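# Quick one: sequence plus predicted model below, questions after.
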Amino acid sequence: MNSETLFSMALGLQSPWQVKDVTFSTDESARSELHLHIDFISGSRFPDEANVACPVHDTVERQWQHLSFFEHTCYLHCAVPRITTTDGKVRTVDVPWARPGSGFTLLFEALALALIEREMPVNRVAEILKVNPQRIWTIFNHWISKARAADDPSAITKLGVDETSTKKGHHYVTLGVDLDESRVIHVTEGKGKATLKSIQQHLETKGAEPGQVKQISIDLSPSFIAGAAESFPDAQITFDKFHVVKLLNEAMNQVRIIERKEPRKPNEDQRASAG
C-alpha cells in the first residue's frame with residue numbers, strides 16, 4: 001500500500017476522488033507543511049441539481065487547510081471540476097471534504113467549533129490551529145447562523161429571561177431561554193425593556209405568537225417587569241429563585257447588622273456574664 005492510497009483511506013475519499021500526490025515541504029522559517037493533492041478519475045461525471053450525471057467542462061484550482069499531521073500544517077489541493085448542467089450552465093462541483101466557499105475542510109471546522117464549545121477563547125483557538133482569529137470567527141458565524149436558521153422554538157410556552165456581562169465593566173447581553181427544553185433561543189445586546197421586545201420579535205419570526213407564552217421567569221428588574229408585561233401580556237410572571245434568595249439574604253444581613261449595633265439591656269448583660 002503506497003502513501004497516496006493510505007491518505008485516501010484516511011480522508012475517507014470514495015470514487016471518483018483519490019489522492020494523486022503527497023509532498024512534504026519546509027519553508028525558510030523552518031515551518032513544515034504536508035500537501036495532499038486530490039484528483040478525480042478521468043472521464044468521471046458528476047450530478048447536477050437534477051441529479052443528472054454531467055460531463056466535466058473544466059477545472060479550477062482550490063486549496064483547503066486540513067487538520068495538522070502531527071505538528072505539521074496540512075493542506076489539501078484539488079483541481080475541482082466544473083460541469084455543464086442539463087440547463088446549459090457551468091457549475092463548480094461541491095467536494096465532499098469541505099463546504100462551498102470555505103478555505104478549510106469540514107474536519108478542521110469541526111475541531112474549531114469543538115474547542116469553542118468548550119469555552120476556549122477564539123484567539124486561543126486560532127493560535128492552536130495556526131490561523132488568523134478572524135478566520136475562526138468566519139467559521140463560527142457560518143455554523144451559528146445555519147443553526148439559528150434551522151432552530152424551531154415555535155412551540156414555546158415557558159420563557160426564561162436573564163442578563164449577563166460579556167466583558168469587564170458594564171457590557172451586557174440578555175438571553176431568552178426555552179425553560180421546557182433548557183436551551184437558549186435568542187441573545188440580544190443590553191439588559192433593559194427593549195430586550196424583551198427583541199425576544200418577542202425573534203419568536204414571531206419563528207412562528208411563535210406572544211400569546212402562547214404562558215409563563216415567564218425574570219429577575220426583579222423594573223425594566224424586565226415592564227418589558228414582560230408589554231411584550232408577553234398573557235404570561236404569568238415568576239421571579240427567579242436566585243434573585244429572591246439573594247434579596248432575602250441581604251435583608252437577613254441587614255437585620256444582623258442592626259442587632260449588633262443595638263445596646264444590650266442590663267438583664268441581658270447579666271445573663272451573658274453568668275453564662
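Alright, I've got the coordinates.

# going forward, measure contacts and count neighbours with C-alpha atoms only.
Will do.

# Between its first and last residues, how far does stretch 158-177 reach?
8 Å (C-alpha to C-alpha, to the nearest Å).

# And it, what's buried?
For stretch 158-177, the neighbour count (16 or more other C-alpha atoms under 10 Å) marks 158, 159, 160, 161, 162, 163, 172, 173, 174, 175, 176, 177 as buried.

# which residue is nearest the middle of the protein?
residue 144 (4.7 Å; C-alpha atoms, centre = their mean).

# which SSE is it in?
Element membership for residue 144, per DSSP states H and E: helix 133-150.

# for the record, mean pLDDT for the helix or strand following that helix?
Counting by DSSP H and E, the next helix or strand C-terminal to helix 133-150 is strand 158-165. Average pLDDT, strand 158-165: 91.

# re the thing from before, list the buried ones in the helix holding residue 144?
By neighbour count with 16+ other C-alpha under 10 Å, helix 133-150 contains the buried residues 133, 136, 139, 140.

# residue ranges of the strands in the chain, please?
Counting by DSSP state E, one finds strands in the chain at the ranges 17-26, 32-40, 46-47, 53-54, 56-69, 72-84, 90-92, 158-165, 172-178, 183-189, 215-218, 236-239.

# other SSEs contacting the fifth one?
Packed against strand 56-69, as judged by 3 or more C-alpha pairs under 8 Å, 6 or more residues apart in numbering; DSSP states H and E, are the following elements: strand 72-84, helix 106-117.

# Which one of those lies nearest to residue 205?
helix 106-117 (26.5 Å; C-alpha to C-alpha).

# The longest helix belonging to the chain - what's its average pLDDT?
The single longest helix within the chain, with elements called by DSSP state H, is helix 241-261. Helix 241-261 carries an average pLDDT of 74.

# got a list of contacts for stretch 236-249?
214, 215, 216, 217, 218, 219, 220, 228 (C-alpha atoms under 8 Å, 6 or more residues apart in numbering).

# Show me how to select, in ChimeraX, the buried members of those residues.
Under the burial definition 16+ other C-alpha under 10 Å, those of those that qualify are selected in ChimeraX by:
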select :214,215,216,217,218,219,228
